[in-house]
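S.K.: here is my input; please provide its structure:
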Amino acid sequence: MSSRKKIFFIFIALNLLIFSYTSAKAYKYQFNESDKKSEVSRLINQGMKYYSSRNYDLSIKSFSEAYALDKSNPDILNNLSIVHNNYGSYLSERTDPTGALREFRLALFYDETNQIARKNLETQLKHKKVDPKDVYQRIAEAKDERGRSNFLAAIAELQEANKIKPTTKSYVTIAKIYHVLALRSLDNKVAYMARALKNLDTAQKIDPNNPEPLVAKGDIYVAKGKISRGIDFYKQAVEMDPTNGESQQALINGWLAAIRVAPGIANNFVGLATAYQLNGNMDQAEKNFRRAMQLDPNNLLASEGINAIENDRVKMQLDLFLNRAISLQKDERFDESIDNYIKAVRLSPRNPDIHYNIGTCFQAKKDWFQAEKAYRKALDLNPEHEEAGLALKKLTDDRRETQIAEAFDKAVELHKNKQYNEAIQIYLKVSRDKPSDDTLFYNIGTAYQALGNFDEAKKYYEKASVIKADDEVYKQAINTVNLKHADDLLAQGINAQTEGKQDIAAKKYQELLEITPDNSDAWYNLGIAYQSLAKPDEALRAYKKAFEIAPLEQSDAIFFAALILEDKKNLSEAMKLYEKYIEVAPEGDYYIDVRDRLEYIKSQS
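M.R.: Numbering: from 1, shown residues only. Sure, this is the predicted structure:
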């Protein structure tokens with residue numbers, strides 16, 4: 001005998017019976033106490049007989065009828081849970097998974113402690129690729145059962161979902177199902193209503209700020225005929241969330257119900273008009289306020305409501321323009337946004353926030369004048385408007401930044417067009433506002449370099465490098481300008497020498513050597529210039545320096561240095577330099593001259 005059958009027969013021995021909503025009907029016959037016990041006993045035996053022959057439908061029907069006669073017997077529900085569970089297994093074996101799921105759920109509805117039914121249900125769900133531990137999948141399963149009008153199965157599935165994770169949605173849905181059952185039931189109406197309200201109480205505890213349980217409570221009380229109480233719940237829901245469309249519509253429906261019951265009471269129409277007003281339906285609101293006035297011409301609430309309608313219409317139009325303007329502004333469609341803000345201003349000219357928003361649009365367009373005008377208008381209307389005050393200050397900064405950026409761009413364009421002096425003038429003006437902008441100083445340096453003003457170029461390259469010391473571009477620029485300046489000075493010196501302007505040549509070489517002190521050509525040419533200017537001592541020093549830096553390349557320098565020493569009668573030093581020349585330049589242009597000079601000096605000793 002299977003474990004299921006063992007459990008079943010144990011319960012049968014205890015005369016346990018259960019009840020199924022799907023088959024339950026109000027028992028038509030009236031019994032005295034003795035007859036009722038006899039009938040219950042007969043139905044139990046009949047249910048067992050049907051169960052033994054595996055006629056589950058009739059077994060469930062018999063047990064349900066027994067429960068209808070004896071609702072105080074909880075054991076009947078336990079047995080009925082077992083029958084539904086075994087019926088579910090039977091359907092599962094015959095490849096009816098939908099029916100099996102329904103029966104396992106009904107088993108749990110009647111006895112939530114039936115672990116065998118719970119295990120069977122979870123197994124069946126897994127076959128369907130539904131995760132039994134996923135609360136949202138379980139809620140979706142309940143929705144499917146409800147859609148098939150399997151209300152008790154839907155309730156059982158939602159109760160299982162709540163065991164995983166209690167949610168407001170699940171408890172509200174259970175309450176709504178019980179409400180439907182109450183409306184359809186003849187003898188269980190009160191019990192179902194009580195269960196519905198109990199579930200809604202739990203839903204409110206889970207999420208006290210959710211208006212849905214309040215709306216559902218209102219529906220129950222309206223259905224019970226307690227319309228005033230229902231409307232109270234609808235009002236609470238609207239107060240909790242005035243924008244909730246479901247709450248607004250429920251309040252409208254509540255007042256409509258009140259009017260159906262008492263169409264001659266003016267305040268019912270006032271209530272309906274107010275509900276429509278909250279819903280934004282001004283035409284219906286006005287219509288019902290006027291209906292209230294027809295019933296009671298002295299109704300102050302209706303009169304005030306009519307006056308408020310026009311204000312609400314203006315507010316709605318204002319909100320429409322503002323919402324549209326804000327949306328367009330987010331999409332950076334600033335001209336269209338400004339048009340809608342201006343329409344809003346016409347409806348509410350003393351609203352500082354609208355003027356502030358207009359200012360932000362103009363500022364985004366870089367229309368500084370109009371932006372400042374709008375911000376100042378906002379501050380005129382509200383001197384403590386913090387956003388407008390901050391915006392006005394930022395406007396000044398933004399305007400300056402834009403002007404600087406535009407000036408910089410103009411300078412760059414002039415630079416590209418080789419209008420270097422004009423570019424430099426603008427760069428220098430911008431630098432007063434941007435004293436830490438390394439790029440700016442680098443650009444000034446390149447402009448000066450292009451003009452051949454290497455000193456100024458180097459000066460601004462060095463400024464850029466100080467600001468950003470690790471930038472290799474700036475270091476390379478300084479090296480490059482030094483080399484170009486040196487080449488230029490060398491060329492100038494050579495040209496001056498060629499023209500016989502030895503003093504100018506000497507000056508250029510000296511400037512060059514301040515930049516590149518190890519330039520042997522500069523020292524050699526300086527020696528020639530000094531020698532031409534009859535400055536032998538300076539020439540001697542320059543020749544020696546050139547030879548010291550590059551002895552092989554500047555061997556001629558040592559020859560001319562020796563000649564100067566010989567002229568100065570410093571023959572011993574002259575001989576040393578001649579001998580040095582022979583050593584480093586045995587094939588030099590002056591080799592024969594050096595040899596002859598040495599022989600001559602030696603012959604004189």
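
S.K.: what's around the spatially closest residue to Val261 that is not a sequence neighbour, how many residues?
M.R.: The shortest distance from Val261 to any non-neighbouring residue, by C-beta to C-beta, 6 or more residues apart in numbering, is to Ile227 (6.3 Å). C-beta here means a position set from N, CA and C on the backbone, and glycine is covered the same way. As a burial measure, Ile227 scores 22 neighbours (other C-beta atoms under 10 Å).

S.K.: surely Ile227 and Ile259 touch.
M.R.: No. If you go by C-beta atoms under 8 Å, Ile227 and Ile259 don't touch, sitting 9.7 Å apart.

S.K.: quick one: contacts for the residue nearest to Val261?
M.R.: Counting by C-beta atoms under 8 Å, 6 or more residues apart in numbering, Ile227 touches Tyr221, Gly254, Ala257, Ala258, Val261.

S.K.: buried ones among these?
M.R.: Buried residues within those, counting neighbours by 16 or more other C-beta atoms under 10 Å: Tyr221, Gly254, Ala257, Ala258.

S.K.: what comes up buried for stretch 253-271?
M.R.: Asn253, Gly254, Trp255, Ala257, Ala258, Ile259, Ala266, Asn267, Asn268, Phe269, Val270, Gly271.

S.K.: same deal with stretch 216-229?
M.R.: Quick answer for stretch 216-229 (16+ other C-beta under 10 Å): Ala216, Lys217, Gly218, Asp219, Ile220, Tyr221, Val222, Ala223, Ile227.

S.K.: ok, then the element right after the lowest-mean-pLDDT helix or strand in the chain?
M.R.: One helix or strand of the chain scores below all others by mean pLDDT, DSSP states H and E: helix 3-13, with a mean of 28. Downstream of helix 3-13, the next assigned helix or strand under DSSP states H and E is helix 33-52.

S.K.: buried ones in that next one?
M.R.: Buried residues in helix 33-52, counted by 16+ other C-beta under 10 Å: Glu39, Val40, Leu43, Ile44, Gln46, Gly47, Met48, Tyr50, Tyr51.

S.K.: so what does that helix touch, helix or strand wise?
M.R.: helix 56-69, helix 74-93 (3 or more C-beta pairs under 8 Å, 6 or more residues apart in numbering; DSSP states H and E).

S.K.: which of these sits closest to Glu386?
M.R.: For Glu386, the closest of the helices and strands packed on helix 33-52 is helix 74-93, at 66.6 Å, according to C-beta to C-beta.

S.K.: so what's Ala275 up against?
M.R.: Going by C-beta under 8 Å, 6+ apart, Ala275 touches Gln248, Leu251, Ile252, Gly254, Trp255.

S.K.: of all these, which comes closest to Thr402?
M.R.: After measuring the contacts of Ala275 against Thr402 - C-beta to C-beta - the closest member comes out as Gln248, at 48.0 Å.

S.K.: thinking again about what came up before, want to throw the helices and strands packed on helix 33-52 into a markdown table with mean pLDDT, distance to Asp589 and mean neighbour count?
M.R.: Output for these, formatted as a markdown table (pLDDT from 0 to 100; distance: least, C-beta to C-beta, whole Å; neighbours: other C-beta atoms under 10 Å):
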| stretch | mean pLDDT | distance to Asp589 | mean neighbour count |
| --- | --- | --- | --- |
| helix 56-69 | 89 | 128 | 22 |
| helix 74-93 | 89 | 116 | 23 |
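
S.K.: now those as a markdown table including distance to Thr516?
M.R.: A markdown table is the format used below for the helices and strands packed on helix 33-52 (distance: least, C-beta to C-beta, whole Å):
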| stretch | distance to Thr516 |
| --- | --- |
| helix 56-69 | 109 |
| helix 74-93 | 98 |
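
S.K.: ramachandran coordinates for Lys226?
M.R.: The phi/psi pair for Lys226 (degrees, to the nearest 10) reads phi -90, psi 70.

S.K.: quick one: it from Phe269, how far?
M.R.: Between Lys226 and Phe269 the computed distance is 20 Å (C-beta to C-beta, to the nearest Å).

S.K.: same question for Pro586.
M.R.: 128 Å.

S.K.: Ala486 touches Thr516, doesn't it?
M.R.: Yes. Applying C-beta under 8 Å as the test, Ala486 and Thr516 come out as touching, 4.7 Å apart.

S.K.: helices - which of the buried residues of stretch 253-271 land there?
M.R.: The members of the buried residues of stretch 253-271 that map onto helices under DSSP state H are Asn253, Gly254, Trp255, Ala257, Ala258, Ile259, Ala266, Asn267, Asn268, Phe269, Val270, Gly271.

S.K.: let me know the closest of the residues you listed to Ala142.
M.R.: Nearest to Ala142, judged by C-beta to C-beta, of those is Asn253 at 25.5 Å.

S.K.: who's in contact with that closest one?
M.R.: Residues in contact with Asn253, defined by C-beta under 8 Å, 6+ apart, are Val222.
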